[in-house]
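In: here is the input, now give the coordinates:
(chains A and B)
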Amino acid sequence: MITFMNNSDSEEEPCNERTSLMSAESPPVPSYQDGLQASEAGEAQAHRKRRAGSSRSPNNIAGGEMSGSGVPVRESALENEEEELTLKYGAKHVIMLFVPVTLCMIVVVATIKSVRFYTEKNGQLIYTPFSEDTPSVGQRLLNSVLNTIIMISVIIVMTVFLVLLYKYRCYKFIHGWLILSSLMLLFLFTYIYLGEVLKTYNVAMDYPTLFLVIWNFGAVGMICIHWKGPLQLQQAYLIMISALMALVFIKYLPEWSAWVILGAISIYDLMAVLCPKGPLRMLVETAQERNEPIFPALIYSSAMMWTVGMAKPETASRGPSQQTWDAAEEGRDHHRSPSHTDSQMSETRSPVPSRPVTVEELEEEERGVKLGLGDFIFYSVLVGKAAATASGDWNTTLACFVAILIGLCLTLLLLAVFKKALPALPISITFGLIFYFSTDNIVRPFMDTLASHQLYI
Amino acid sequence: PAFGLFLFTIARDPLRIIILIAGAFFWLVSLLLSSLIWFIAVKASDPRDERLQKGLLIFGVMFSVLLQEAFRFLYYKLLRKAIEGLVALSEDGCSPISIQQMAYVAGVGFGLMSGAFSMINLLADALGPGTVGIHGDSQLYFLTSAFMTMVLIFLHTFWGILFFHGCEHRRWWEIMAVVVMHLTVSGSSFCNPLYVGSLVPSYLLMAAAAAWAYLLSGGSAQNLRRFLLCKS
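Out: Below is the predicted model:
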């Protein structure tokens, strides 16, 4: 066990992949306006939970001590090993992110292909007031650009607002906002979705059953996301709400606007995270200064965390948190079963005896990569739009899917190299857009001709 | 079957999944470039001339094959670099994944992607109403497509192994053999709908490639016998 304790207490941030993201901005949709707030509130709430959670740690003191004994050993800082670990468990973390992203996309694509509702145009959001039914191409382009500008400015305003709230510690407000929005999502959108799915398959369901189902779904969802819950359930819920959100976008954004918005959002994301004065960056830094988890409810965490974190560099490493991280490492790579599983168990609950509060917070954060929910949503929007509107149907969808996954891989690689919050959108979305347009226009005729002659390449 | 391969051999190890997806990506890019060339050629030519179109199509196919192999080579280069990185960073000085495994996974990646692109529209249409071969085309369209796709996926896998092996040991003739085989298989598909002409040679080639790859990977008739008889 001793040999694995690498990566010790180095004060630098643990080499977890951090991918930051514009989670905060699930661009507020009219009904979702509260959504954003609610999700932020959820984050702050989760954050609060964290503090509350730390008091729950004593139940695993035993485990904690186990890991505690490891601490002195780990103190032998092997900084050069940080790099190794980064890349070694890098692959595993990439997969941990692949799976949810894939699941989300599958849900969205399956729904789009089967349920008519989401591809009918029934109006637009108030955030995209300009219609695209104009006669001329130039006019249409202009309208979509204007729509994009409006949407992006709304997002910027919301994000800045969120950052300000966070800075001035208006946690309650953020909580309330987030709760309200997730409430809205979980109940209203699920109701609509379920209704449409039932309509498509011609299945009848009476109101009491419907009420029961939705109530249960929503209540459990609220608890899972904003409070504690089994990790997998929480992940599943987050995937569900991302998919729902993405479906709403696909339905209500006019065509060209959607593509331009996707492009603009990735640029915005790049700037917001990397520029020194960018709102997201400030958010990350503030949270790190305060050693708080950043807005858990808006982020998907791939690890054993009961709160969801934003894809970002892990908060400053502390020794104890390092150890849990190491424990995970060991468990993963070296299969020394008993001690590792113990330490892994301990990781979720017990902090080291030395610093109970902070450790638990930190250890909750370390493991695994975090990806903002906004990322999920936009990836799914891209793939869903490809599925909905491309005449090349499945080929295009598949191409976009692979492109996005590769983008995600690259982003995570960069994350491992740079070790700080990175925007996850730009690379993937760029690849996705390139592949979408090229596959739809260029590859499709080629493949169609090949298929009609049954030629194989 | 290819999906089964994926499940059993690749899904366990995350590194392999990444290599798989990257392989698929490279194939996709090669497809993109080759169709770009074809597209330009078609646009620049006369759309009414049947023979010319056919000729262009053939040219497109051949060019695409060559590009695919070129991308396979590029991918090989990339993987070599990656292996060096992994070796340097691993604790005990040896890479967590060998070049042969990578070759296999890369081959599967290429194969899966090409198979998916060939088959998936077909499958989607197969769900819908319709009759196969109603206009006098062969009625076995779906079946033969399925078999052809399967053989192609397997071939890609084996070619991956052979190709990488050739690159490793600098045996140019192996690489050339792979390219020639690929061209042959694609060319044989020109015989469609005379399925005898395309399916049979492809399967024969696949058997040959399989045996070759197996031998290269260190297998032998003895191993095979022991495996089949479930000896330890």
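In: the host helix or strand of residue B:117 packs against which elements?
Out: Assessed by DSSP states H and E, residue B:117 sits inside helix B:99-127. Other elements packing on helix B:99-127 under the criterion 3 or more Cβ pairs under 8 Å, 6 or more residues apart in numbering or on different chains; DSSP states H and E are helix A:393-418, helix A:444-453, helix B:2-5, helix B:14-44, helix B:50-89, helix B:141-169. Every residue, glycine included, has its C-beta placed from N, CA and C.
In: avg pLDDT for the fifth one?
Out: Averaged across helix B:50-89, the pLDDT comes to 78.
In: may I see the buried residues of the helix or strand residue A:429 falls within?
Out: Taking DSSP H and E as the definition, one finds residue A:429 inside helix A:425-438. Using 16 or more other Cβ atoms under 10 Å in any protein chain shown as the test for burial, helix A:425-438 gives A:425, A:426, A:427, A:428, A:429, A:430, A:431, A:432, A:433, A:435, A:436, A:438.
In: show me the contacts for the closest residue to chain B within the stretch 101-250 of chain A.
Out: Closest approach between the stretch 101-250 of chain A and chain B, counting by Cβ to the nearest Cβ: residue A:113, at 8.7 Å. Neighbouring residues of residue A:113 by Cβ atoms under 8 Å, 6 or more residues apart in numbering or on different chains: residue A:387.
In: could you redo the last one with a cut-off of 6 Å?
Out: Counting by Cβ atoms under 6 Å, 6 or more residues apart in numbering or on different chains, residue A:113 touches no other residue.
In: let me know the helix or strand that it is in.
Out: According to DSSP H and E, residue A:113 maps onto helix A:79-114.
In: related to what we said a few turns ago, now the helix holding residue B:117 and helix A:393-418, what's the angle there?
Out: 150 degrees (axes from the mean of the first three to the mean of the last three Cα atoms, to 10 degrees).
In: which positions in the stretch 251-400 of chain A make contact with chain B?
Out: Contacts of the stretch 251-400 of chain A with chain B, taken as Cβ under 6 Å from any Cβ of the partner chain, map to A:394, A:395, A:398, A:399.
In: for the buried residues of helix A:425-438, give me TSV that also has distance to chain B and pLDDT.
Out: Conversion of the buried residues of helix A:425-438 to TSV gives the following (distance: Cβ to the nearest Cβ, whole Å; pLDDT from 0 to 100):
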residue	distance to chain B	pLDDT
A:425	18	83
A:426	17	85
A:427	13	85
A:428	12	87
A:429	16	89
A:430	14	89
A:431	9	88
A:432	12	88
A:433	13	89
A:435	7	86
A:436	11	87
A:438	5	85
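In: out of the residues you listed, which two sit at the greatest distance?
Out: Greatest spatial distance among the buried residues of helix A:425-438 (Cβ to Cβ): A:425 and A:438, at 19.7 Å.
In: so residue A:379 is in which element?
Out: helix A:373-389.
In: next, the angle from that helix to helix A:393-418.
Out: Here helix A:373-389 runs at an angle of 160 degrees relative to helix A:393-418 (the same axes, to 10 degrees).
In: any idea which helix or strand comes after the helix holding residue A:113?
Out: Scanning forward in sequence from helix A:79-114 by DSSP H and E, the next helix or strand is helix A:137-167.
In: for that next one, buried residues please.
Out: A:140, A:143-145, A:147-148, A:150-152, A:154-155, A:158-159, A:161-163, A:165-166.
In: within range of chain A, give me the residues from chain B.
Out: Taking Cβ under 6 Å from any Cβ as the contact definition, chain B meets chain A at B:14-15, B:17-18, B:21, B:24-25, B:28, B:32, B:35-36, B:38-39, B:61, B:64-65, B:89, B:116-117, B:120-121, B:124, B:148, B:152, B:186, B:189, B:192.
In: my guess is residue A:300 is in a strand, correct?
Out: Yes. Membership of residue A:300 in a strand is supported by DSSP: H, G, I helix; E, B strand; the rest coil.
In: quickly list what it is bridged to.
Out: Here residue A:300 sits in beta bridges with residue A:371, going by DSSP bridges.
In: please report how far it lies from residue A:372.
Out: As judged by Cβ to Cβ, to the nearest Å, residue A:300 and residue A:372 stand 7 Å apart.
In: do residue B:19 as well
Out: 27 Å.
In: give me the more crowded residue out of the two.
Out: residue A:372 (33 against 26; other Cβ atoms under 10 Å in any protein chain shown).
In: doesn't residue A:283 make contact with that one?
Out: No. Using Cβ atoms under 6 Å, residue A:372 is not in contact with residue A:283; the gap is 10.9 Å.
In: quick one: low-confidence parts of the stretch 201-350 of chain A?
Out: The stretch 201-350 of chain A contains residues with pLDDT under 70 at A:292-298, A:301-350.
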